[in-house]
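Novice: the sequence and its predicted three-dimensional model are supplied below.
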Amino acid sequence: MVDFFASQERAKQASGSLVFYFVLGFIGVIALVVLLTMLLILPLQPFFMPPPGKWAFYEFRWLLLGVGLGTAAYMLLASLWKMHTLRQGGGEAVAAMLGGRLLRPDTTAPLERRLCNVVEEIAIASQTPTPLIFVLDKECGINAFAAGFTPHQAVLGITRGATELLPRDALQALVAHEFSHICNGDMRLNLRLMGLLHGILFLALTGYGLTRASLGNTGDSEGAFIPGILAGLALGAIGSAGTFSCTLLKAAVGRQREFLADAAAVEFTRNPAALIQVLLTIGGCRQGSLMDSPHAPLASHLYFANGLNTWLARKLATHPTLEERIRRIDPFYQGPWPHKSAVEETTLRQSVLAQARVELAGFAGAPINVRKMPVAIHDEKLPGAYRRHALALLDKLPHSIQSAARSGRDAPSLLCGMLLARSRPDERDLMSDVLLEYSDVTFHDKALRQAEILASVPCAAFLPLLHLILPHLPFAGREEILRRVKALIAADKRVNLFEWMLEKVLANTLQDPESTPQRDVLPTWEEKALACAMLLAALARSGMRGTRDAPSAQQAAFNAGAGVLGISDLKMPRTQRVRLRDVDASLEVLGRLAAQARQGCMAACLACVRHTGEVTQEQAELLQGIAAVLRCPAPALLPGQPLFLEE
Amino acid sequence: MPDAAFPLYLGALLFLIAGAAAVYAYNRLVTLKQRGLNAFAQIDVQLTRRHNLVPNLVETVKGAMKHERETLLAVVQARSHAMEALRMTPPSLLEQERLMHLAASENTLTATLSGLVARIEAYPELKAMRNTLQLMEELRSTENRIAFARQAYNDAVARYNSQRDSFPTLLVAGLMGFAPLHYLQFSCEPAN
């Protein structure tokens, strides 16, 4: 293990000298202003000859001193004012701005309980008070931040991605890193640097203001005051140069403080491997450490890793690169190195979820408890119209089917039974043969019996039935279930909408990594618009068939969806027929989007369907499939559900 | 005239410097020792936390683990020994033997607890119970807390001892009777 005390010392020294240069830069700006004054009064200098033996500007010494002190006071006042306003917020304001939710210390949700425990453990290791914990529910990247200006009012924010994707040890390392920011007073240091920087910036702004004022009225060269313009420009140039170099220095200080925090995190946890794992995980995820919140840039210096990815952010990075950090943590580290395609986000998510299940849910027979699980029908929080409709549909199911759906033993065969019941009669024999090939006789017979019962059930009831089944599928048998369902779907060489939907929903729920598309590149704006148009058209055309004014109503529904997307001039594709192949191609594109963008697309789809006035069977099934591929919560819309009620 | 008074001044100056250094060294030692004792108090809290957790765990799994009477009994016994050892080790009496005794009995408790956890693994339906899961997470967290508290204590001890052994603090420590603090070893190997 590397000597973490020595590396902390090293980082402290490095950041100390950088802070020294920063202050030197501040003083340098003042010196330059004094020099500028000397230049300005140079023409007057011959009239005020200094006494023999004194320096050239002896007669102006009080003026120069006054200018120097005045500039210093001016900049310092601006700095203090800035520090004051920054201090107003405090940690909780930052957390609120980024969309944080305060975690109650007595929470019982397993992942939240784990987080609380980890934070308290590190508080003991670092001998600091336990901070308030905020979870950023909307952020899927892996990141965290500490805010607040003393250890006693510190808050700790952590993204949902980090709490869900990281195993316990890695979460501990991440939290320990943030704690060392708290212990080392990095928030205070940063506040001061930002204040001083603002002072210099203020000088530059004053210079430009002076220039503008000296220009007089526009186009009127009479009113221009040339010395004022020149002085203002010079002042602006000095201020800008100072701002630029001090910004660079501030970023460099920030990077050293990151090294310091990494070393201190190792001191607290004595587990460099866990910290390296966090960095590798960030490097391996597509979302990485990126934050989605529009307010994210304001707090970029507080994060665990770079939360922004713009050109300027890379040039003025507040954090060292992941490779650099790993090398500092362990100079003998041999790899693997963070690489985008090295870890697929879904496989990662899956492996961690699997591990969390082993840790928390324990064993193979436990029901799958995935966040993305389609909604449970009895959930009180769901819209009343959906619940009433779903329960009414479920009432049409025979009792034997309902109880089979709720049992882990009968649910898998019920899935196959549903597929059989929804297939054409002439395909059923072929499918039954295929099923026999992929399973044993008892399973096959059970599925056939269930299919027979289901044949008399209206199609609309199949969706709520599926929602009823999903939470009861055994985690251990997921591979097998998927294999059988896929075989059945492929049996007749034709995929109908129900089969398509079922495959998507299962793949999403059972977290099959192969069925998720490769998500290396974000789609371009045009690709996204085209794919959305395709989806909206499919949804619009699946509703309101047969009436005379169908085309215009469908166009209106399409426009409603486009309006939600914010693309008012989106063109509706001409093709009248809805082809699943096109839908799949569009979904492949949209699946590569970031979480929030995917949710936006889903919202547009929902708006489009709502606008058609009535949910058809096709629309409901399409929506389920789309939600599954876009990894959004399943929409609470069922075939025939009245839309005019509440919500 | 100044010649006669010079050694006097020099002596007074040296005396002042030495006095200031001694006061500084003394204060530093007191601070560091206090930190060490505080860190020990933190271990104390966490050990108590673990001792309080054990009955809950035993109560929860008792029903399902009827055939594991011996394992459960060992845990309960180890707990009462550890509680006794902790009671015998107040922060004012951090002697080598007492600390070793405490470490030994806590190690026994750790060993029996991990034996119990290993047995729980063999009862899937028990392990899947929400209550057990929560207790296991708390147990795991407590083990971590104890480890971190011990780490903080040992670091504090190291800081205090190295300050105590360095010159000129050494002289003050000797004069004022600052004894070295002892490290606390909890590990799988028995402390010897």
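Specialist: Nice, I can see it. From a predicted model like this one, the values you see are computed outputs, not experimental measurements.
Novice: now for the chain, the helix or strand with the poorest mean pLDDT.
Specialist: Picked chain A for this. Every helix and strand of chain A was ranked by mean pLDDT, DSSP states H and E. The lowest is helix A:345-356, at a mean of 45.
Novice: right idea, wrong chain: chain B
Specialist: Considering only helices and strands, the least confidently modelled element of chain B by mean pLDDT, DSSP H and E is helix B:124-127, at a mean of 76.
Novice: so is the helix or strand that contains A:Cys116 next to chain B?
Specialist: Taking DSSP states H and E as the criterion, the element that holds A:Cys116 is helix A:110-126. Yes. Counting by Cβ under 8 Å from any Cβ of the partner chain, chain B is contacted by helix A:110-126 at A:110, A:113-114, A:117-118, A:120-122, A:124-126. To be clear about C-beta, it is placed using only N, CA and C from the backbone, and glycine gets the same treatment.
Novice: what is the most widely separated pair among those residues?
Specialist: Spatial extent of those (Cβ to Cβ) is set by the pair A:Pro110 and A:Ser126 at 24.8 Å.
Novice: run through chain B and note the low-pLDDT ranges.
Specialist: B:1-2, B:91-94, B:186-192 (pLDDT under 70).
Novice: so where's the longest helix in it?
Specialist: Counting residues, the longest helix in chain B under DSSP state H turns out to be helix B:2-62.
Novice: number of residues surrounding A:Thr612?
Specialist: A:Thr612 sits with 23 neighbouring residues when counted by other Cβ atoms under 10 Å in any protein chain shown.
Novice: then the one 3 residues further on?
Specialist: The burial count assigned to A:Val615 is 23, neighbours taken as other Cβ under 10 Å.
Novice: from A:Asp440, how far off is it?
Specialist: A:Val615 sits at a distance of 38 Å from A:Asp440 (criterion: Cβ to Cβ, to the nearest Å).
Novice: quick one: which of A:Pro110 and A:Ser126 has more around it?
Specialist: The residue with the greater number of neighbours, taking A:Pro110 and A:Ser126 and applying other Cβ under 10 Å, is A:Ser126; the counts read 22 against 18.
Novice: name the nearest residue to that one, sequence neighbours excluded.
Specialist: Closest residue in space to A:Ser126, ignoring its immediate chain neighbours: A:Phe179 at 4.8 Å, by Cβ to Cβ, 6 or more residues apart in numbering or on different chains.
Novice: that neighbour touches A:Glu121, doesn't it?
Specialist: No. In this structure, A:Phe179 is not within contact of A:Glu121 by Cβ atoms under 8 Å, at 10.3 Å.
Novice: need the contact list for B:Gln96.
Specialist: Shown here is B:Gln96, whose contacts under the criterion Cβ atoms under 8 Å, 6 or more residues apart in numbering or on different chains are B:His182.
Novice: against chain A, how distant is it?
Specialist: With distances defined as Cβ to the nearest Cβ, to the nearest Å, the gap from B:Gln96 to chain A amounts to 24 Å.
Novice: quick one, phi psi at that residue?
Specialist: The phi and psi torsions at B:Gln96 (degrees, to the nearest 10) take the values phi -60, psi -50.
Novice: neighbours of the residue nearest to A:Ser126, how many?
Specialist: Around A:Phe179 sit 27 other residues, with neighbours defined as other Cβ under 10 Å.
Novice: contacting residues around it?
Specialist: Listed by Cβ under 8 Å, 6+ apart, the contact set of A:Phe179 reads A:122-123, A:125-126, A:128, A:146, A:156, A:264-265, A:268.
Novice: now tabulate those in CSV and tack on pLDDT.
Specialist: Below are those laid out as CSV (pLDDT from 0 to 100):
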residue, pLDDT
A:Ile122, 92
A:Ala123, 90
A:Ala125, 88
A:Ser126, 86
A:Thr128, 85
A:Ala146, 88
A:Leu156, 91
A:Ala264, 90
A:Ala265, 91
A:Phe268, 88
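Novice: low-confidence ranges in the stretch 251-400 of chain A?
Specialist: Applying pLDDT under 70 to the stretch 251-400 of chain A picks out residues A:284-303, A:305-316, A:334-385, A:387.
Novice: contacts only, for A:Ile229.
Specialist: The contact partners of A:Ile229, by Cβ under 8 Å, 6+ apart, come to A:211, A:214-215.
Novice: all strands of the stretch 451-600 of chain A, in order?
Specialist: Here the stretch 451-600 of chain A has no strands by DSSP state E, counting those that start in this stretch.
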